[in-house]
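Colleague: can you look at this prediction? I've put the sequence above it.
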There are 2 protein chains.
Amino acid sequence: MNQIPSLEDIKAVHERIKPFIHLTPVLSSTSINELAGCEIFFKCENFQKIGAFKARGGMNAVLSLTKEEQKKGITTHSSGNHAQAIALAAKTVGTKAYIVMPNNAPIIKKNGVKALDGEIIECEPTLEARESTVQQVIDRTGATFVHPFNNYDVIAGQATATVELISEVPNLEVIMVPVGGGGLLSGTALATHYLLPNAEVIAGEPEGAADAILSFKSGKIEQAPYIKTIADGLLTNLGDKTLEITRMYVKDIILVNDDEIIDAMRLIWERLKIVIEPSCAVPLAALLKQKERFAGKKVGIILTGGNVDLGKLPF
Amino acid sequence: MNQIPSLEDIKAVHERIKPFIHLTPVLSSTSINELAGCEIFFKCENFQKIGAFKARGGMNAVLSLTKEEQKKGITTHSSGNHAQAIALAAKTVGTKAYIVMPNNAPIIKKNGVKALDGEIIECEPTLEARESTVQQVIDRTGATFVHPFNNYDVIAGQATATVELISEVPNLEVIMVPVGGGGLLSGTALATHYLLPNAEVIAGEPEGAADAILSFKSGKIEQAPYIKTIADGLLTNLGDKTLEITRMYVKDIILVNDDEIIDAMRLIWERLKIVIEPSCAVPLAALLKQKERFAGKKVGIILTGGNVDLGKLPF
């Protein structure tokens, strides 16, 4: 896809990937609603294939390639869930996935890639090292690179989670997601703009990876003042495509600190009885931080993934 | 109810409690099935009200009382989930719950009772202390005692989880639950006997609370050789009613040690992305321990609850 996905694009993508993804459930909790002072509907992408929404975008990007392109394999760089998404998608179409991962990626995510027959190529945990290593893979194999988020096929795939949420829960007034590179946020903003134009899309971002809020305000890609957060899925900067869509259709970005993220994460584990990763808890943390703003509203939150290392829990 | 519940009794109970309980989902995991060599359907009572199947039996027992009896309040002794079940049921009919709890009960379970306006009366963690403290409550208030498991109304309530599982998943060949006092096991055995008479009911029991297997063999209430297990919901002995039903309709009881329980618990958390308490993992541990016995079969497992103290996880 070479331009911002239209509603028709997103609907076509949804039909394309439906046979290969789960229709995830929407859960809610009376006690969380009481605590928050609003009505929250959690779209549980932690139950998605590979344990994260990224199965959607990765699947679409790979299914959208020509047979010839698919044959040469797929490559990407990712700290985690996108890696598994590409490995799954490659396996689904019967080709090879070359996954460049930072050498500090969580073991659970590396194991997930291996279990899907993906080949892991480790690199230093910097964007530069990731990109040059991917280039080496492309030079060697002719594989197609699927960017984790700055890619319209990926964005359109992520948008389908919001399409399902809006179709299951009528009259949402706010939809919230976390923001890392902005793929999910862009997809969510587009789907909401098309299907529920009066609803607000609001992102949560960790204080310790606060680049998106700066870019959102300035209109150019900014760096985070510092990187230190438990939300390890949200460390990347926006790309030009996700920045543009975010600036067009996102209402606001709310910053939260790690204590707030951990409290929200624990609340979801205890009350919803589900396993989510820290990045997932960022939107609820943002909502609870600015409760008055959401008072009495009907809010959808996309819980992005559940691939947490149980040996390293923050509580 | 004064005799072993009939199918009609169980159906009537199901209609009675339906408005007050959740119809819980059934989940499965391709990777767990591959590992186990059979097809497993997990009935997720961790998503039940109060986070455990005990909401069913407690609700039925309280709804079955006369208005006059309800008015004087309800009392019980419980190390946890039954306590919350009675507190919820009492609150539902607008009366008082007096909950006798051992002083070493998990904080999360005490907080659950308090959140439901139950009055906690602490005692030493022995059956004798529990029973004498309950008697004091009855003498003082006239409250009705609802036994956690050795009670046909409770057993019939617990049976409804299996009724739902059998109606959602056709042709199960084995149904597995953990055994503590035997309320769930008895209800499961009855519902299976009535609705799916060719299926086997098999219980899992911790080696560190292995009383039920001895009672099951000898036909009288036996004590566990020793009590030491992470499965804190399974410490109690069978009662005369649950022993009788277990001897009539249960095929077998399989012992598992704590390492096996913790491995199964972690597997469920990692693959199903749900929060379950250790007691819950006992049937899967039993199945994995005797894999060949279940090879290729269609197995239902009732996941009993999710009220685990996140600050004290075994991994």
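Modeller: Received the coordinates, thanks.
Colleague: quick one: contacts for A:Leu313?
Modeller: Going by CB atoms under 8 Å, 6 or more residues apart in numbering or on different chains, A:Leu313 touches B:Leu310, B:Leu313. Just so you know, the C-beta spots here come from the backbone N, C-alpha and C atoms, and that holds for glycine as well.
Colleague: brain fart, A:Leu63
Modeller: Neighbours of A:Leu63 in contact, by CB under 8 Å, 6+ apart: A:Arg16, A:Ile17, A:Phe20, A:Ala89, A:Thr92, A:Val93.
Colleague: nearest spatial neighbour of the residue of the stretch 1-150 of chain A found nearest chain B, chain-adjacent residues omitted?
Modeller: Taking CB to the nearest CB, chain B has its nearest neighbour within the stretch 1-150 of chain A at A:Asn46, 4.6 Å off. Leaving aside its chain neighbours, A:Asn46 sits nearest to A:Gly306 (3.1 Å; criterion: CB to CB, 6 or more residues apart in numbering or on different chains).
Colleague: A:Pro102 now?
Modeller: Per CB to CB, 6+ apart, closest to A:Pro102 is A:Pro125, 3.6 Å.
Colleague: my reading is that the one you found lies in a strand. Confirm?
Modeller: No - counting by DSSP: H, G, I helix; E, B strand; the rest coil, A:Pro125 is located in no strand; its state is coil.
Colleague: my guess is it contacts A:Asn104, does it?
Modeller: Yes - judged on CB atoms under 8 Å, A:Pro125 makes contact with A:Asn104 at a distance of 5.0 Å.
Colleague: before we move on, the earlier item: between the contacts of A:Leu63, which is nearest B:Leu27?
Modeller: Set against B:Leu27, the nearest of the contacts of A:Leu63 by CB to CB is A:Phe20 (18.9 Å).
Colleague: contacting residues around the closest one?
Modeller: A:Lys49, A:Ala55, A:Met59, A:Leu63, A:Ala89, A:Thr92.
Colleague: if we can go back for a sec, and the residue nearest to A:Asn46, how close does it get to A:Phe294?
Modeller: Separation of A:Gly306 from A:Phe294 (CB to CB, to the nearest Å): 24 Å.
Colleague: higher neighbour count, the two?
Modeller: More neighbours surround A:Gly306 than the other of A:Gly306 and A:Phe294, with 25 against 22 (other CB atoms under 10 Å in any protein chain shown).
Colleague: phi, psi of the more buried one?
Modeller: Main-chain dihedrals, A:Gly306, degrees, to the nearest 10: phi -130, psi 20.
Colleague: ok, which residues in the stretch 151-300 of chain A are in contact with chain B?
Modeller: A:Arg266, A:Trp269, A:Glu270, A:Lys273, A:Ile274, A:Val275, A:Ile276 (CB under 8 Å from any CB of the partner chain).
Colleague: flag the least confident of these.
Modeller: Least confident entry in these, by pLDDT: A:Glu270, with 93.
Colleague: can you pull the contacts of the spatially most central residue of chain A?
Modeller: Taking CA atoms, centre = their mean, the centroid of chain A lies closest to A:Leu184, which sits 4.5 Å from it. By CB under 8 Å, 6+ apart, the contact set of A:Leu184 is A:Phe53, A:Phe149, A:Gln158, A:Ala161, A:Val177, A:Pro178, A:Ile302, A:Thr304.
Colleague: repeat that for A:Leu238.
Modeller: Residues in contact with A:Leu238, defined by CB under 8 Å, 6+ apart, are A:Asn150, A:Val179, A:Gly181, A:Gly182, A:Asp211, A:Ala212, A:Ser215, A:Ile221, A:Thr246.
Colleague: let me know the closest of those to A:Asp139.
Modeller: So of the contacts of A:Leu238, ranked by how close each gets to A:Asp139 (CB to CB), first place is A:Asn150, at 20.9 Å.
Colleague: gap between A:Val275 and B:Leu272?
Modeller: For A:Val275 relative to B:Leu272 (CB to CB), the value is 8 Å.
Colleague: ugh, typo on my part, it should be A:Leu165
Modeller: Applying CB to CB to A:Leu165 and B:Leu272 gives a distance of 21 Å.
Colleague: same deal with A:Ile268?
Modeller: Distance from A:Ile268 to B:Leu272, by CB to CB: 15 Å.
Colleague: and for the nearest residue to A:Leu23 once chain neighbours are set aside, the neighbour number?
Modeller: Excluding the flanking residues, the one nearest A:Leu23 by CB to CB, 6+ apart is A:Glu164, at 6.4 Å. Neighbour count for A:Glu164, taken as other CB under 10 Å: 20.
Colleague: for A:Glu164, helix, strand, or coil?
Modeller: Classified using three-state DSSP, A:Glu164 is helix.
Colleague: contacts only, for it.
Modeller: A:Leu23, A:Thr24, A:Lys43.
Colleague: got the residues you listed as TSV, with distance to A:Gly118, neighbour count and secondary structure columns?
Modeller: Formatted as TSV, the contacts of A:Glu164 follow (distance: CB to CB, whole Å; neighbours: other CB atoms under 10 Å in any protein chain shown; DSSP: H, G, I helix; E, B strand; the rest coil):
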residue	distance to A:Gly118	neighbour count	secondary structure
A:Leu23	25	10	coil
A:Thr24	23	22	coil
A:Lys43	26	27	strand
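Colleague: following element in sequence after the host helix or strand of A:Thr133, please.
Modeller: Per DSSP states H and E: A:Thr133 is located in helix A:127-141. Downstream of helix A:127-141, the first helix or strand assigned by DSSP H and E is strand A:144-145.
Colleague: paired strands for that following strand, with orientation please.
Modeller: Strand A:144-145 pairs in its sheet with strand A:74-77 (parallel), by DSSP bridges.
Colleague: please point out which parts of the helix or strand that the partner strand is followed by sit buried.
Modeller: Per DSSP H and E, the first helix or strand lying C-terminal to strand A:74-77 is helix A:81-93. By 16 or more other CB atoms under 10 Å in any protein chain shown, the buried positions in helix A:81-93 come out as A:Asn81, A:His82, A:Ala83, A:Gln84, A:Ala85, A:Ile86, A:Ala87, A:Leu88, A:Ala89, A:Ala90, A:Lys91, A:Thr92.
Colleague: and helix A:81-93, average pLDDT?
Modeller: For helix A:81-93, the per-residue pLDDT averages 96.
Colleague: same question, stretch A:280-293
Modeller: 98.
Colleague: using the three-state scheme, assign A:Ala156.
Modeller: helix.
Colleague: gap between it and B:Leu235?
Modeller: 53 Å.
Colleague: who's more crowded, those two?
Modeller: Between A:Ala156 and B:Leu235, counting by other CB under 10 Å, A:Ala156 is the more crowded of the two (31 against 21).
Colleague: how about the contacts made by the more buried one?
Modeller: Per CB under 8 Å, 6+ apart, neighbours of A:Ala156: A:Met1, A:Pro5, A:Asp9, A:Ile10, A:Val13, A:Gly57, A:Asn60, A:Gly187, A:Leu190.
Colleague: pretty sure the third one sits in a helix.
Modeller: Yes - remark: A:Asp9 belongs to a helix, assigned using three-state DSSP.
Colleague: pLDDT score assigned to it?
Modeller: 98.
Colleague: one step back: quick one: which of the contacts of A:Phe20 is nearest B:Val113?
Modeller: A:Lys49 (38.5 Å).
Colleague: pretty sure the residue of the stretch 1-150 of chain A closest to chain B sits against A:Ala52.
Modeller: Yes - the criterion here is CB under 8 Å, and A:Asn46 meets it with A:Ala52 at 7.1 Å.
Colleague: many thanks, have a good one.
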